[in-house]
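Colleague: this one's structure only:
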């Protein structure tokens, strides 16, 4: 899957993982959901929750899979977490019964795996593909 420049509503310049400086965290994650024509973008933060919304418990994940029938597909409210560590993104499976996998390898709850551009995730019964985008940083004139 190829990702194009995001349409963020600003004049910011972005480039994809192949042109990224070494040891730099992406500025945006592009997430596509299998079976859906939509790709959504999530700004990278130190901690990003993956799961489904629950207004009664005031849970609003950063990567909210509710609209993809998350409840019916076994996605927990707090299913997985993406964190930053030493200029890398890490995927951590949280305590749930439906599982989290990266490129077909199931994560043990609490286990962390490095997340890279193009990785395929399985969160419960939902299949995702992750892309990285970087904001162009200009120096000088």
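Modeller: Looks like it arrived, so ask away. What you are looking at is a predicted structure, and each value in this text was computed from that prediction instead of being measured.
Colleague: what about residue 121, how many neighbours?
Modeller: Here the number of neighbours of residue 121 (other C-beta atoms under 10 Å) works out to 22. Quick note: C-beta positions are derived from backbone N, CA and C, even for glycine.
Colleague: Got phi/psi on it?
Modeller: Torsion angles at residue 121 (phi, psi; degrees, to the nearest 10) stand at phi -110, psi 150.
Colleague: show me the contacts for the nearest residue to it once chain neighbours are set aside.
Modeller: Taking C-beta to C-beta, 6 or more residues apart in numbering, and ignoring the residues beside it in sequence, residue 121 has residue 128 as its nearest neighbour in space, at 4.4 Å. By C-beta atoms under 8 Å, 6 or more residues apart in numbering, residue 128 lies in contact with 31, 32, 33, 34, 120, 121, 122.
Colleague: ok, so what distance separates the residue nearest to the second one when sequence neighbours are not counted from residue 122?
Modeller: Here the nearest residue to residue 32 in space, its sequence neighbours aside, is residue 39; by C-beta to C-beta, 6+ apart that works out to 4.4 Å. Distance, residue 39 to residue 122, by C-beta to C-beta, to the nearest Å: 17 Å.
Colleague: likewise residue 131?
Modeller: To residue 122, residue 131 is 17 Å away according to C-beta to C-beta.
Colleague: what about those two, which has more around it?
Modeller: residue 131 (22 against 19).
Colleague: where does that one land on pLDDT?
Modeller: At residue 131, the predicted lDDT confidence score is 95.
Colleague: quick revisit: now the contacts of residue 128: which count as buried?
Modeller: Among these, those classed as buried by 16 or more other C-beta atoms under 10 Å are 31, 32, 33, 121, 122.
Colleague: separation between the residue nearest to residue 127 when sequence neighbours are not counted and residue 121?
Modeller: Using C-beta to C-beta, 6+ apart and skipping residues adjacent in sequence, the residue nearest residue 127 is residue 34, 3.8 Å away. According to C-beta to C-beta, residue 34 stands 10 Å off from residue 121.
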